[in-house]
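S.K.: For reference, the sequence and a predicted model appear below.
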Amino acid sequence: MSWTAILALAAGTYALKAAGPLLLGGRELPGLVARVADLLPAALLAALVATQGLTADGDLTVDARAAGVAAALVVAWRRGSFLLIVAVAMAVTALVRALA
């Protein structure tokens with residue numbers, strides 16, 4: 001891949017990221033769009049957790065990571081802190097891997 005292509009792609013990425021604030025700066029988003037935008041971070045985080053914790057090579061798989069995700073969901077449901085959620089997920093994943 002040439003440096004010209006890399007620089008062109010970088011410039012295009014920067015332009016796309018700058019377009020939103022430049023075009024919409026100072027304007028309020030419509031109510032529906034604002035509500036959807038508020039929900040996007042949680043949906044993206046859930047998608048990342050699902051793809052990283054429950055798939056391998058593009059296929060759905062159930063292994064030690066799935067046990068960690070399930071344990072993390074239980075702690076999150078019980079309103080545990082983020083640090084506790086991560087610690088429990090790590091501990092359960094490590095325990096299942098050690099026992100398997």
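M.R.: That came in fine, so what should we check first?

S.K.: Give me the most central residue, this protein.
M.R.: Nearest to the mean C-alpha position of the chain, counting by Cα atoms, centre = their mean, stands Leu45 at 2.9 Å.

S.K.: so how far is Thr51 from that one?
M.R.: 11 Å (Cβ to Cβ, to the nearest Å). (Each C-beta comes from the backbone N, C-alpha and C, glycine too.)

S.K.: Please apply the same query to Arg97.
M.R.: The gap separating Arg97 from Thr51 is 20 Å, by Cβ to Cβ.

S.K.: These two: which is more packed in?
M.R.: More crowded of Arg97 and Thr51, by other Cβ atoms under 10 Å: Arg97, with 13 against 10.

S.K.: That one - nearest residue in space that isn't next to it in sequence?
M.R.: In space, not counting the residues next to it along the chain, Arg97 is nearest to Ala64; the distance is 4.5 Å by Cβ to Cβ, 6 or more residues apart in numbering.
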